[in-house]
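Peer 1: Structure for the following, please:
(chains A, B, C and D)
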Amino acid sequence: MIETLTTRYTYVVAVIVIAIGLYVLFDRNLIKKIVGLNIFQTGVFLFFVTAGYRTGGTPPIASAGGGPYVSPLPHVLILTAIVVGVSVTAVSLGMVFLLYETYGTVQEDELREAIHE
Amino acid sequence: MALTTAVVAGLALFGLLFAVVAVVGVLRFPDLYTRAHAVSKSDTLGVGLVLAAAAVASGSVGVTLKILFLFAFMLVTSPIAAHVLARSASLDGVEAWQVDPEEREEREETEDDQ
Amino acid sequence: MSALALELTLLGLLVLTAALTAVIRDVLAATVVFAVYSLVLSLVWILLRAPDVALTEAAVGAGVVTVLLVATIAKTSRPTDHAELSVRWPSLAVIGVFAVGIVTTLPSLPAIGDPTAPIHQHLGTYYLETAPAETGVSNIVTAILAAYRAFDTFGEVVVVFGAGIGLLVVLRQSGITLQPTTGSTPSTTDPGLEPSTTDPHGESSTTDLGREPSVITTTAIRYIVPFVALFGLYIAFHGAKTAGGGFQGGVVVAASVVLVAFGFGIESTRRWLNDTVLTAITAGGVAAVVAIGLGAMALGGRFLEYTVYPIPKATTYGIELVELGIGATVTGIVLVFFFALVGNAETPPGESSPTHTEESK
Amino acid sequence: MSNLLVLLVVVPILAAIVSAVGGFRGRHDGWTIATGALLVTVGLSTAVASTVSRTGRISYAVGGYVPPYGIELVADSLSVLLCVVTATVSLGALLFMRRESHSNHFYTVYLLLIAGVFGLGITGDLFTMYVFFEITGLAAYVLVASGRGGAAIYAAFKYLLVGTIGATFYLFGVGYLYIVTGALNMADIAGRLGGMYGSPAVIAAALFIVVGLAVKIPLFPVHTWLPDAHSKAPPSASAVISALVTAAAAYALIRVLFDVFTIEFLTATPLIQTVLVTLAAGSVLLGTTVAARQQSVKRMLAYSTVSQFGLVVIGISIANTTALTGSVIHLAGHAVMKAGLFLAAGAIASSFGATTVDEYAGLGQRAPILSAAFMVLALAMVGIPPGVGFFGKWYIVLGAVQAEAWPVAVVIFLSTLLTLGYFVGLLERIYFGTPTVSKPTAATDGGTSPPQAESDVDTWKLAVVLVAAVGAVGLGFVSTPVAGFLEPVIEGMVR
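Peer 2: Numbering: from 1, shown residues only, chains lettered A, B, ... in the order given. Predicted structure coming up:
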């Protein structure tokens, strides 16, 4: 267990952030759910980019004799995933706004009651 | 070599001091305006000192030039941000905090009792 | 040694801000802490030697998401339940067990930073060695993004484009469109944002409280905006050489236009930046990427195969053009997000300006 | 020749852009643009199908970079079947919408959904599959949200949350695989996974991907988003989502389990198969029991989707040739039948204002052709030969029997009986039920007083539903040659 903590502590942090994101997803407030979704996704992103890290590595910008570079592929994947995450967040916020305009609340339980009437 | 690290550490610590002052200000001050005032102080000077530390630490002229531009940009934008914040708050009817007369008397009486 | 200390403090700060966002009841406070979380995360990306990701996180994660969140909170209600912090222990326990389960699988992964890990062997080394020579671009991340895995980026630009159009389809129900609301429909009461100007030539887009934008803001913005826009274009253009690229640059350019909207009012900005310009930017960007791809096919190559083009250094120019197309689309769509969500939505029913927080005397 | 493969994705996207530009300029030609694009994709998918049947598996390196360094698009008989079904069903749903007025932006989102499903069908790269999951997902959330009323928005919001969590879990699983093998191309990973079947990381990767896809298919217990989403969306949108998006997710599960993890991994770790079988059996039983109790016909059809895909996943988890062939055929057949049923329900609702089982009473007299088509589709879905539903289920049951998975065979038999129960109940209501005389004339959505005669039903809608009914039966006859067409690929997967 200690060995995991010393050599893979960033992965552990990523898992904690994923857990916190999942926890916030169960919040009653719809906007906090969206924040939770973002935290959950960034946890997975941290997992990817940490995997690409290399001790003593330099950013993957080729320069003469630039020393051991960090693996560039996780950065590419996460660049795409971040922007995809933002796009989904924007659409979800549009939905929350509409739900507020029709039902006057952003709390999930009040919303559910309002819909059932 | 030790001199530059000492200078860098000094500048950074001094900048950090301003940040701490700003946080204390935000916690202690009673209303929005005083808090905005406290934070904007740290934005300009505190960050400026830390940037200076970074410039000294980097040592290269190019980086220092970039940092100078960055500092100039910060010098313009953060006070404006504080201004926008305070102005829209005041137009929105957030009253500033005052010590009104009766409260001052009550406070003096309570001090006499202790 | 000090690098480890810095890393541990940043990661600790990351977990702390995430936990704070989870427990704080008030949604606006939680959003502010989430913005801090995004900034700390972009610092972590820099620490992990990922400057492109750090730029994107700062511009897109901390910037756009926070602005949209606060705008939506301003438009909807803020439940003022008294409990400052609250924790739901049962769901925490369930998720805790789930997290421990994942942690048990971590030892079977290679240690972080270990150069012999498979991630550094196969694809990693190939890109690091051949990309600069083959694509003539020194920022290897941009090389992979716009050349080797150009199809991912093409799909990703389509997602951004789809989100912009999707948001308009979703909001169409409440009469929100991008057309400027001429005439007297009251634009939104956004306490946080600067009011819009009352038009001199009589057309009264009645601003919320008839506020005049302060001369300080308008003059300051008039000087700042060109530099911000230039910086955004620099990031987009220079993405091939240094960290940066289409996404990050596009967001910064969009931020400069948002600054103008803050300074000179949302209605007048939308009138200046009317639909044709907005469509040209958004659809134009995606269409440019498709055109480059199909052009290569027309010349007998495959989709997005730059080397088929008869011009010298075709790949480098191909990458830069695709980055520009992405930049244009991202700029347009971020503006669509801004104008649709923040722009001309009617005042929400019920409270006139929902986000009054009485300063405790 | 294999250039056509990438055009399958690019053509709908190009049409989506053109339609969006038209939308911004206030034009309403979205429908014509979409129909043109989908006609092209029907042509493309059949051309690719004929090439694949002649030359077998096609591989296309996008950008000219040889895989695994570039992204590889792959077409074998499995993906071609999905593409052909997608093209035809989406074209049918589009023709169904001929009379309905939708904005250009709606058609843009519709085209992006179809492009996403095509992308899922032909990608050979795990991360590209994530990107296309997001395209399909985003378009589906927006289509559900374009339904009428606040309930559609809330259903779309829940669907968005759960769908994005599923996609992110899938990405997490792909991350594990990438860290352990250093590769992203499916064939490349399969080659490198060889010795690591026991390592917890690979098992965790498989579990995360299965959980992620279980949310997308959906499987019990993460299916709760589906009934609201599918019943609240506009009819042609729920038809396409219920038929194609679920089929694409199940296809992705087959592709990942058998092409990336390979059969050796599944036999080495029976945990994955047990997880899949339990989730699938839960879906089948829960889907059928809850569907039987539903009042609204669209919710009944939505729950039947959950149970039918439970069957498909049972076939996948049994993992022998017949069961897997049955899953693929049922996956394709279900797309045609379920799309037809949703469109028929949509036509009935818009012309007769009937949405609940009781309101269907006596529909047989008022709309003989429409009810006949509905009956054919319903019986095909239950699994009465010669409908395509029968052949799919038959292969799966046969596979279960071959694998001596008796409890699974019992579950399938039970579910078919229950499905028979509630569909026949509905048909009995349609033909022998007496319409409640004092039927309130206020039709629910839009129609004035519901017209009594069938002549008022929109000809386009009637035609599409009839074609779907004929297709459901026709596919039944053609399913044995299709099984032959699939045989080499499935044999390769399962040996």
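
Peer 1: From here on, just use CA atoms for contacts and neighbour counts.
Peer 2: Will do.

Peer 1: What residues sit buried inside the helix ranked longest in chain B?
Peer 2: In chain B, with assignment by DSSP state H, the single longest helix is helix B:61-91. Within helix B:61-91, the residues that count as buried by 16 or more other Cα atoms under 10 Å in any protein chain shown are B:64, B:67-68, B:71, B:74-75, B:77-80, B:82-89.

Peer 1: again with stretch C:28-48
Peer 2: Buried residues in stretch C:28-48 (16+ other Cα under 10 Å): C:28, C:30-48.

Peer 1: who does the host helix or strand of residue C:330 touch, helix- and strand-wise?
Peer 2: Using DSSP states H and E, residue C:330 falls within helix C:314-337. Helix C:314-337 is packed against helix C:150-171, helix C:215-237, helix C:246-264, helix C:275-298, with contacts defined by 3 or more Cα pairs under 8 Å, 6 or more residues apart in numbering or on different chains; DSSP states H and E.

Peer 1: Run through the residues that contact residue C:10.
Peer 2: By Cα atoms under 8 Å, 6 or more residues apart in numbering or on different chains, residue C:10 lies in contact with C:40, C:43, C:44.

Peer 1: now the stretch 251-400 of chain D, which segments are flagged as low pLDDT?
Peer 2: Within the stretch 251-400 of chain D, no stretch has pLDDT under 70.

Peer 1: Could you list the low-confidence segments of the stretch 201-350 of chain C?
Peer 2: C:201-212, C:343-350.

Peer 1: Give me every residue in it lying close to chain B.
Peer 2: Neighbours of chain B within the stretch 201-350 of chain C, by Cα under 8 Å from any Cα of the partner chain: C:216, C:217, C:220.

Peer 1: How are the strands of chain B distributed by residue range?
Peer 2: Under the criterion DSSP state E, chain B carries no strands.

Peer 1: At the geometric centre of it, which residue sits there?
Peer 2: In chain B, the centroid-proximal residue (Cα atoms, centre = their mean) is residue B:42; its distance is 2.2 Å.

Peer 1: Pull the contacting residues for that one.
Peer 2: Residue B:42 neighbours (Cα under 8 Å, 6+ apart): B:18, B:19, B:21, B:22.

Peer 1: Next step: the contacts of residue C:10 restricted to strands.
Peer 2: Per DSSP E, those never map to strands.

Peer 1: Can you tell me which of the helices and strands packed on helix C:314-337 is nearest to residue B:31?
Peer 2: With Cα to Cα as the measure, helix C:215-237 is the member of the helices and strands packed on helix C:314-337 nearest residue B:31 (22.9 Å).

Peer 1: what comes into contact with the helix or strand of chain B with the lowest mean pLDDT?
Peer 2: Ranking every helix and strand in chain B by mean pLDDT, DSSP states H and E puts helix B:101-113 at the bottom, with a mean of 73. Defining contact as Cα under 8 Å, 6+ apart, one finds that nothing outside helix B:101-113 touches it.

Peer 1: Tell me both backbone torsions, phi and psi, for the one residue in chain B that gets nearest to chain D.
Peer 2: Here the residue of chain B nearest chain D is residue B:92; by Cα to the nearest Cα that distance is 31.8 Å. For residue B:92, the backbone dihedrals are phi -90, psi 0 (criterion: degrees, to the nearest 10).

Peer 1: Now do it against chain C, distance only.
Peer 2: 6 Å (Cα to the nearest Cα, to the nearest Å).

Peer 1: Please work out how many residues are found near that residue.
Peer 2: For residue B:92, the count of nearby residues is 16 (other Cα atoms under 10 Å in any protein chain shown).

Peer 1: Would you point out which residue is most central in chain C?
Peer 2: Short answer for chain C (Cα atoms, centre = their mean): residue C:60, at 2.6 Å.

Peer 1: which ones are touching the closest residue to residue A:40 other than its chain neighbours?
Peer 2: Ranked by Cα to Cα, 6 or more residues apart in numbering or on different chains and with sequence neighbours excluded, the top spatial neighbour of residue A:40 is residue A:21, at 4.0 Å. Neighbour list for residue A:21: A:35, A:36, A:37, A:38, A:39, A:40, A:41, A:43, C:18, C:22 [criterion: Cα under 8 Å, 6+ apart].

Peer 1: Take these and lay them out in a markdown table including pLDDT, secondary structure and distance to residue D:284.
Peer 2: Below are those laid out as a markdown table (pLDDT from 0 to 100; DSSP: H, G, I helix; E, B strand; the rest coil; distance: Cα to Cα, whole Å):
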| residue | pLDDT | secondary structure | distance to residue D:284 |
| --- | --- | --- | --- |
| A:35 | 95 | helix | 34 |
| A:36 | 95 | helix | 32 |
| A:37 | 95 | helix | 30 |
| A:38 | 95 | helix | 33 |
| A:39 | 95 | helix | 34 |
| A:40 | 96 | helix | 31 |
| A:41 | 95 | helix | 31 |
| A:43 | 95 | helix | 34 |
| C:18 | 95 | helix | 39 |
| C:22 | 91 | helix | 36 |
